[in-house]
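Novice: I need the structure of the sequence given here:
(one chain, ligands or ions: 2)
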Amino acid sequence: MAKKKVCVIKGDDASPEFVIPTVELLEGMNLEIEFFWALTGEEALQKQGKAFPEEARKMVDEADCTLFGSSRNMTGGLGYLRWGKKTYANFRPVKWMKGMRSPLRKPEGIDFVVVRENLEGLYPGREGDIERLEPLKLSDFITGQVLDTSMKGKFAVRVITEENTRNVAKATCDLAMKRKANGGKGKVTVASKYNMLFQSDELFRRIVEETVRQYPELTFDQQVIDNFCQQMIINPQQFDVVVMPNEHGDVMADGAAALVGGLGLAPSACFGKDYAYFEPVHGTAPDLMGKNIVNPTAMILSAKWMLEYLGFEDAALRLERAVYGVYEEGKYLTPDQGGGSSTTQFCKAVKEKL
Ligand code: IPM
Ligand code: MN
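Specialist: Numbering: from 1, shown residues only. Ligands and ions are numbered 1, 2, ... in the order given. Alright, predicted model coming up:
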């Protein structure tokens, strides 16, 4: 087998502090992977005058996938990994394991995945002055009133397309099938605001339902997004795979991460038709920079998804078990989990369990 190529983007602020040890862990596993470090973000801006130079783009293109730290915004490569590589399905798994510091009384059995549509909805921002909407003569569905475009203010366009929603729905169902083969519930829930956005969010809901109906082994469930928000707090164990439009998923995934112990634990895996990238859900933690205490779990678990994607399924399982083992043992946890260990000590403990 030819060596797999992974482009690594180490990100801004505290990000390198969890990206570098994660790659060290992977290197220690002696897999047929070659790592290529692309210079982006703040550092690239200072040295090369661009946050995402041509060279970095080439490295992303030539790799089998990208392992991405966290960046301050979209300019350090994240925009390219999403819209340039058309990675429409953003999987954000939420799984509680013993030792994780959940604020819930009964976190046992929480194991679901938020599938965040990654390219449409309200992002990327397409905004403008209200007066530009004048030719559209938009009326609302409740009163039928036409929008007063003489008002000063801004609008944002929210787009849901059929083709993209179908792609996301299919990726969602395939994930639910794969989880079912490993003891999962085989259940897909769609969450959107279809009781208010009768066209766009109803389209999203309907396409997910139609897609799930093509998988006889899966069951379908729908929840209005605000109801989902409370359901995920009072009974998160009911969920298996929950798919939602972009900005809903952005918000809900952070809330869902909080259920099991916070953003330090929340990985993600983003897939398109022919590319994938893997990043923690959290940001660059500038307040923790230089302290060697940032929790690398989200990054390591993102890397676990990457190993699976690259075909190293056994190694992926091993890595995941090692991380969970460290939580179960509870001796080398970072401060966000109530421990007193550094990032380095946590990673060393994972390495020993490997
Ligand atoms: C995320 C992040 C990004 C997003 C930011 C950095 C633009 O919050 O991946 O969830 O909103 O997509
Ligand atoms: Mn976010």
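Novice: If you count neighbours, what's buried in stretch 193-212?
Specialist: Going by neighbour count (16 or more other CB atoms under 10 Å), the buried part of stretch 193-212 is 193-194, 197, 200-208, 211-212. To be clear about C-beta, it is placed using only N, CA and C from the backbone, and glycine gets the same treatment.
Novice: Now, these that are in strands?
Specialist: Filtering the buried residues of stretch 193-212 for membership in strands, criterion DSSP state E, returns an empty set.
Novice: ok, which pair from those is furthest apart?
Specialist: The largest separation in the buried residues of stretch 193-212, counting by CB to CB, is between 197 and 212 at 20.1 Å.
Novice: Name the nearest residue to residue 241, ignoring sequence neighbours.
Specialist: Spatially, and ignoring its direct neighbours in sequence, residue 241 is nearest to residue 176 (4.5 Å; CB to CB, 6 or more residues apart in numbering).
Novice: which ones are touching residue 247?
Specialist: Listed by CB atoms under 8 Å, 6 or more residues apart in numbering, the contact partners of residue 247 are 121-123.
Novice: repeat for residue 111
Specialist: Shown in contact with residue 111 (CB under 8 Å, 6+ apart): 94-96, 184, 237, 240.
Novice: Please render those as JSON lines that adds neighbour count, distance to residue 287 and pLDDT to the earlier fields.
Specialist: Converted to JSON lines, the contacts of residue 111 look like this (neighbours: other CB atoms under 10 Å; distance: CB to CB, whole Å; pLDDT from 0 to 100):
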{"residue": "94", "neighbour count": "26", "distance to residue 287": "24", "pLDDT": "98"}
{"residue": "95", "neighbour count": "18", "distance to residue 287": "26", "pLDDT": "98"}
{"residue": "96", "neighbour count": "22", "distance to residue 287": "25", "pLDDT": "98"}
{"residue": "184", "neighbour count": "18", "distance to residue 287": "37", "pLDDT": "98"}
{"residue": "237", "neighbour count": "14", "distance to residue 287": "33", "pLDDT": "98"}
{"residue": "240", "neighbour count": "21", "distance to residue 287": "35", "pLDDT": "98"}
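Novice: Inside strands: which ones of the residues you listed?
Specialist: Residues from the contacts of residue 111 lying in strands, with DSSP E as the criterion: 94-95.
Novice: which one among the contacts of residue 111 gets closest to residue 150?
Specialist: Closest approach between these and residue 150, by CB to CB: residue 94, at 45.5 Å.
Novice: hey, what's that closest one bridged with?
Specialist: Taking DSSP bridges, one obtains residue 112 as the residues bridged to residue 94.
Novice: how far away is it from ligand 1?
Specialist: Separation of residue 94 from ligand 1 (CB to the nearest ligand atom, to the nearest Å): 14 Å.
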